[in-house]
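Chemist: only the shape, not the letters, is given here:
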């Protein structure tokens, strides 16, 4: 999908707003909530936006999010979020109906991207999960923005 210049500028603007808001913020939970709010309220194709935090080895627990209720806990062995946490790699699923291990917290979700937040020493701290009710909803701009923000969070809040 080719984006208009104004769309590309929107991605750049959202990134800069987030950096500005977090510049003096030292609280990890507040930072996650701020990121989720900015992303969810700026991109209409983001139907559910939130973090799952690593709370013990092999276990994710829901953190700040916007959208309908999410799953409370997710083992690393389950779902797209678990795969991202287990491998430390971004998971992009253009059609969740084709992914056998997808956890359907919402029946309207059709595509999903999950990006890990990794500390400088390689520990996964959390994953940022974004669902859409549109098929193949995520562009290279979404992927790049989410990865850039998660890299920033991993360095700043580890």
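Modeler: On my side now, so go ahead. These numbers come from a predicted model, not from an experiment.

Chemist: can you list the buried residues in the lowest-mean-pLDDT helix or strand in the chain?
Modeler: Across the helices and strands of the chain, mean pLDDT, DSSP states H and E gives its lowest value to helix 5-22, namely a mean of 92. Across helix 5-22, burial judged by 16 or more other CB atoms under 10 Å covers 10, 11, 14, 15, 18, 22. Using the backbone N, CA and C atoms, a C-beta is placed for each residue, glycine as well.

Chemist: what distance do you get for residue 96 to residue 76?
Modeler: 19 Å (CB to CB, to the nearest Å).

Chemist: now swap in residue 114 and tell me
Modeler: Residue 114 sits 12 Å away from residue 76, going by CB to CB.

Chemist: okay, the two: which has more neighbours?
Modeler: residue 114 (24 against 19; other CB atoms under 10 Å).

Chemist: hmm, back to that, including distance to residue 31, could the buried residues of helix 5-22 go into JSON lines?
Modeler: Converted to JSON lines, the buried residues of helix 5-22 look like this (distance: CB to CB, whole Å):
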{"residue": "10", "distance to residue 31": "21"}
{"residue": "11", "distance to residue 31": "19"}
{"residue": "14", "distance to residue 31": "15"}
{"residue": "15", "distance to residue 31": "14"}
{"residue": "18", "distance to residue 31": "9"}
{"residue": "22", "distance to residue 31": "5"}
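
Chemist: which elements pack onto whatever helix or strand comes next after the least confident helix or strand of the chain?
Modeler: As assigned by DSSP states H and E, the chain's next helix or strand after helix 5-22 is helix 28-42. Applying 3 or more CB pairs under 8 Å, 6 or more residues apart in numbering; DSSP states H and E, one finds that helix 28-42 makes contact with helix 5-22, strand 48-56, strand 59-66, strand 124-132, helix 140-156.

Chemist: all good on my end, thank you.
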